[in-house]
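1. Kindly generate the corresponding structure for this input.
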Amino acid sequence: MPEPLQKVAVAGCAVESWQGRKVSMICFRTGKPLVSGEQSDLWLFVVDLRTVKNPPPIGAPQLAKVNQLITATWTQGNQLYVLGTKGDEQTIKQLL
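-> Just a heads-up that it's a prediction; the model follows:
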């Protein structure tokens with residue numbers, strides 16, 4: 001896990017099913033005010049790389065805007081990581 005992300009408060013975790021595959025999800029709180037009913041504002045998904053078609057190449061995280069979230073996706077070892085939060089590229093780059 002990137003060093004800046006290790007300093008963010010963990011709000012919870014779960015193992016979810018996504019497209020028939022197990023996905024680990026870690027929820028974080030960045031300290032920014034949350035919308036009523038929300039318990040976290042930053043999410044890290046970890047997926048076994050062998051279950052993913054066309055994963056991103058090993059190297060720098062790839063950034064993308066998905067609806068209202070900015071995401072960073074990268075591979076390391078046998079894992080695919082997807083980090084998402086509300087904001088822009090600068091917001092997520094600070095966590096990598």
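2. secondary structure element for the residue of the chain most remote from its centre?
-> Distance from the C-alpha centroid of the chain, by Cα atoms, centre = their mean, peaks at Ser36 (21.5 Å). If you go by DSSP states H and E, Ser36 is not part of any helix or strand.
3. Tell me how far it lies from Gly12.
-> Separation of Ser36 from Gly12 (Cβ to Cβ, to the nearest Å): 18 Å. C-beta here means a position set from N, CA and C on the backbone, and glycine is covered the same way.
4. ditto for Val23
-> For Val23, the distance to Gly12 - Cβ to Cβ - is 15 Å.
5. which one of these two has more residues nearby?
-> When Val23 and Gly12 are compared for neighbours, Val23 comes out ahead with 17 against 11, by other Cβ atoms under 10 Å.
6. where does Pro33 land on pLDDT?
-> For Pro33, the pLDDT comes out at 90.
7. cool, Ala60 as well?
-> Predicted confidence (pLDDT) for Ala60: 88.
8. List the contacts of it.
-> Contact analysis of Ala60 by Cβ atoms under 8 Å, 6 or more residues apart in numbering lists Trp74.
9. redo that, cut-off 10 Å
-> When contacts are counted by Cβ atoms under 10 Å, 6 or more residues apart in numbering, Ala60 touches 72, 74, 96.
10. Same question for Gly12.
-> 25-29, 39-40.
11. Contacts only, for Thr30.
-> Neighbours of Thr30 in contact, by Cβ under 10 Å, 6+ apart: 8-9, 11, 40-42, 85-87, 91, 94-95.
12. Helices - which of those land there?
-> Thr91 (DSSP state H).
13. Return the members of the contacts of Thr30 classed as buried.
-> 8, 11, 40-42, 85-87, 95 (16 or more other Cβ atoms under 10 Å).
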